[in-house]
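In: Mind folding the following:
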Amino acid sequence: MNHKQEGRRKASHHASYRRYLGNSVVLSYFTHEPTGMFILDCFQYDDDYCATERPPFRPDEFYIGGGGTYATVGARMWLPPARITMIIHQGTDFPRQIAQQLQTYSPDLFTFLSDANHPITTRALNTYYNERRDFAYLTPKRQIRLDEIYKVNPRPPDYIHVIASPKRLAQHLEERAKLFPDWRPHWIWEPVPDSCQHENLSTLLQLSREVCVFSPNDLEASMLLGHAKAPGSLEEIETMANYFNQAGFQSVVIRSGRHGAYAIGGPKSDLLKGGWIPPLVQSQEQVVDQTGAGNAFLGGLMAGLACGEDLLKAACYGSVSAGFTITQLGLPTLTKRDDNNVRHERWNGELCPFQKAQELLNLSKMGRKGVSKSTV
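Out: Here you go, the predicted structure:
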């Protein structure tokens with residue numbers, strides 16, 4: 001076989017693989033930061049912690065954690081498992097019941113890797129106080145490498161969710177350019193909260209042209225711009241998003257909890273002037289556990305972009321993923337699974353994500369009228 005024939009054979013293989021995936025993209029989640037890894041979490045509470053707000057975690061048990069895990073399940077609501085990849089380091093101590101729970105989303109959704117140099121699964125302790133939550137590792141952490149993500153599927157992912165500081169993201173981009181110059185994935189960037197300081201703003205803006213979507217929450221965006229508090233109005237959130245968009249970010253989505261999210265930009269989007277996406281859950285009484293909501297939002301948003309939706313509708317996907325995440329303890333439940341047709345699936349009982357997304361899209365067209373007008 002000559003070089004031309006070999007090239008045609010490889011091209012045919014990749015074309016067939018694309019058709020298998022719905023002629024779209026593969027998603028993956030990658031970060032060297034702790035919140036993007038798979039983690040086995042345990043929880044404890046300070047003696048003065050308010051009992052009425054205490055999540056019912058058992059202190060002697062470990063639970064599924066990590067921002068990448070929540071983002072993956074947030075994307076799974078919209079995409080079949082063949083189009084999503086998350087790599088999990090599986091130590092020799094990996095609990096059987098945790099593996100069984102992960103497989104309820106499909107045995108093909110997660111790729112498990114073992115590493116003799118890291119025999120123990122990454123574990124962490126979350127300690128709740130009335131005003132904060134502390135996080136500490138109980139074991140050495142096994143970070144997923146860029147080359148592992150590149151090689152996990154027949155073709156590398158087109159979209160990557162990354163939770164990183166500006167400095168760390170710059171290292172990711174440099175590594176990608178050096179090792180895989182022909183691979184140009186779309187980066188969906190969720191900044192690490194601790195890095196959202198005004199002193200990091202100039203470094204952050206230098207990366208703007210490399211990022212597909214930049215998505216801090218409202219407090220993180222405010223702190224990057226030198227403010228000590230979260231914004232006090234919806235108008236302030238819009239002003240911040242406009243600033244980041246005009247500073248070079250192609251698309252900006254600022255997440256604002258009970259007020260939803262504000263999105264602006266995107267080459268395929270009709271949101272050049274920005275738009276509000278309301279939250280799926282309108283009553284705080286329905287909120288059980290907010291853990292992973294922002295990560296799930298970005299998983300859903302990335303799935304929407306992967307399906308060819310504009311930024312507004314993709315953000316509606318994200319709002320649904322976040323809403324399904326916060327109404328129970330832990331990850332959402334896939335009640336009815338169909339790996340070949342996700343529109344037949346049901347979550348958290350009989351809820352259809354696509355129906356909910358359309359409802360939010362209709363509300364989003366009302367602008368600020370579709371979200372709460374009260375101050376943040």
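In: C-alpha from now on. contacts and neighbour counts both.
Out: Will do.
In: which element is the residue nearest to A247 when sequence neighbours are not counted on?
Out: The shortest distance from A247 to any non-neighbouring residue, by Cα to Cα, 6 or more residues apart in numbering, is to L205 (6.9 Å). For L205, the element it lies in under DSSP states H and E is helix 201-206.
In: try A170
Out: Counting by DSSP H and E, A170 is part of helix 166-179.
In: Can you spell out which helices and strands pack onto that helix?
Out: Counting contacts by 3 or more Cα pairs under 8 Å, 6 or more residues apart in numbering; DSSP states H and E, helix 166-179 is packed against helix 201-206.
In: Tell me which residues of the helix it packs on come out buried.
Out: Neighbour-count burial for helix 201-206 flags 201, 204 (criterion: 16 or more other Cα atoms under 10 Å).
In: cool, stretch 78-98 as well?
Out: For stretch 78-98, using 16+ other Cα under 10 Å, the buried residues are 78-91.
In: before we move on, what about stretch 315-332?
Out: Using 16+ other Cα under 10 Å as the burial criterion, the residues of stretch 315-332 that qualify are 315-328, 330-332.
In: returning to what we had before: Provide the contact partners of the helix holding L205 at residue level.
Out: Applying Cα atoms under 8 Å, 6 or more residues apart in numbering, the contact partners of helix 201-206 are 166-167, 224-225, 247-249.
In: May I have the secondary structure class of F112?
Out: Taking DSSP: H, G, I helix; E, B strand; the rest coil as the rule, one finds F112 in the strand state.
In: Spit out the contact partners of it.
Out: 87-90.
In: can I get the CA coordinates of the helix holding L205 in PDB?
Out: Presented in PDB, the C-alpha positions along helix 201-206 are these (Å, rounded to 0.1, in the frame of the first residue of the first chain):
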ATOM      1  CA  LEU A 201      -6.300  39.600  35.000                       C
ATOM      2  CA  SER A 202      -3.600  40.600  32.500                       C
ATOM      3  CA  THR A 203      -2.400  37.000  32.200                       C
ATOM      4  CA  LEU A 204      -6.000  35.800  31.900                       C
ATOM      5  CA  LEU A 205      -6.700  38.200  29.000                       C
ATOM      6  CA  GLN A 206      -3.600  37.100  27.100                       C
END
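In: Which neighbouring elements make contact with whatever helix or strand comes next after it?
Out: Following helix 201-206 in sequence order, the next helix or strand is strand 213-214 (DSSP H and E). Contact partners of strand 213-214 among helices and strands, from 3+ Cα pairs under 8 Å, 6+ apart: strand 186-191, strand 251-255.
In: switch to 10 Å and redo it
Out: strand 186-191, helix 234-246, strand 251-255, strand 261-265, helix 293-306 (3 or more Cα pairs under 10 Å, 6 or more residues apart in numbering; DSSP states H and E).
In: What average pLDDT does stretch 167-177 get?
Out: In this model, stretch 167-177 has a mean pLDDT of 94.
In: Count the neighbours of the closest residue to G248 other than its chain neighbours for me.
Out: Nearest residue to G248, sequence neighbours excluded (Cα to Cα, 6+ apart): S208, at 5.3 Å. Residues lying near S208 (other Cα atoms under 10 Å) number 18.
In: still on that earlier bit, return the distance of the helix holding L205 from the chain's centre.
Out: 22 Å (Cα atoms, centre = their mean, to the nearest Å).
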